[in-house]
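Engineer: sharing a model that was predicted from the sequence below.
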Amino acid sequence: FDSWAINSANIIQCPVGSVYFTNQAQIDNFPTLYPGCTTISDSVTIDEQVPGYITNLNGLSQITEIEGSLTIGLINNGNYALTSLDGLSGLTSIGEDLVISSNNSLSNLVGLSSLTSVGGDLFISNNDALTNLSGLSGLSSLVGSLGIWDNYALTTLHGLDVLASVGGDLFISNNDDLTNLSGLNGVT
């Protein structure tokens, strides 16, 4: 019985099912509620209930893998005060889709610099302050589609420079300040 008690103390607990972060306190409390949890076995959505409720993702720094999808902002809502994805700097793998949408103050994706694998689609849309895709430089192939649209301040696709293949559709539209496709030169 004593050995069971010792071993059970070493079990790392992570949330079960899809995880929804709708305010800063939930993100800040994650490492306290789930110490040692590095892999989320389902999908993660970060989408504030009230504009300005989420300002940083630092409480998620221990996460290295999300087996489902990662959605940062939903088209109808979004994260208005989120300026950085730095709290996701340990994330290396997403099993399904990565969606980054309606994050009005987000200017780059540098916080995703460790990301090497996305098992589904990558969609980047409606991010009003996004000027570049820096932070996606570790992504060399994409299983699903790549869609980049309605990012009106986006001036370059650099950050996708090592991307060599896209398994699904590639569509880029309504990025008013984007004047060329440099950054996709490696896609064969």
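Structural biologist: Yep, that arrived. Numbering: from 1, shown residues only.

Engineer: who's I172 bridged to?
Structural biologist: Here I172 shows beta-bridge partners I148, assigned using DSSP bridges.

Engineer: what's around it, how many residues?
Structural biologist: The number of residues packed near I172 is 16, by other CB atoms under 10 Å. All C-beta atoms are positioned from the backbone trio N, CA, C, and that covers glycine.

Engineer: how about the contacts made by it?
Structural biologist: Taking CB atoms under 8 Å, 6 or more residues apart in numbering as the contact definition, I172 lies against G147, I148, W149, L157, L178, L181.

Engineer: what about this protein, any weak spots by pLDDT?
Structural biologist: Counting by pLDDT under 70, the chain contains low-confidence ranges at 1-11.

Engineer: longest single helix anywhere in it?
Structural biologist: Selection of the longest helix in the chain by residue count, based on DSSP state H, yields helix 24-33.

Engineer: not counting that helix itself, show me its contacts.
Structural biologist: Contact partners of helix 24-33, identified using CB under 8 Å, 6+ apart, comprise 21, 37, 46, 53-62, 87.

Engineer: redo that, cut-off 10 Å
Structural biologist: The contact list for helix 24-33, computed with CB atoms under 10 Å, 6 or more residues apart in numbering, reads 13-15, 19-21, 37, 46, 48, 52-63, 81-82, 87.

Engineer: how far does it sit from its chain's centre?
Structural biologist: 17 Å (CA atoms, centre = their mean, to the nearest Å).

Engineer: can you name the element that comes right after that helix?
Structural biologist: For helix 24-33, the following helix or strand on the C-terminal side (DSSP states H and E) is strand 39-40.

Engineer: and that following strand, what does it pack against?
Structural biologist: For strand 39-40, the helices and strands in contact under the criterion 3 or more CB pairs under 10 Å, 6 or more residues apart in numbering; DSSP states H and E are strand 65-66.
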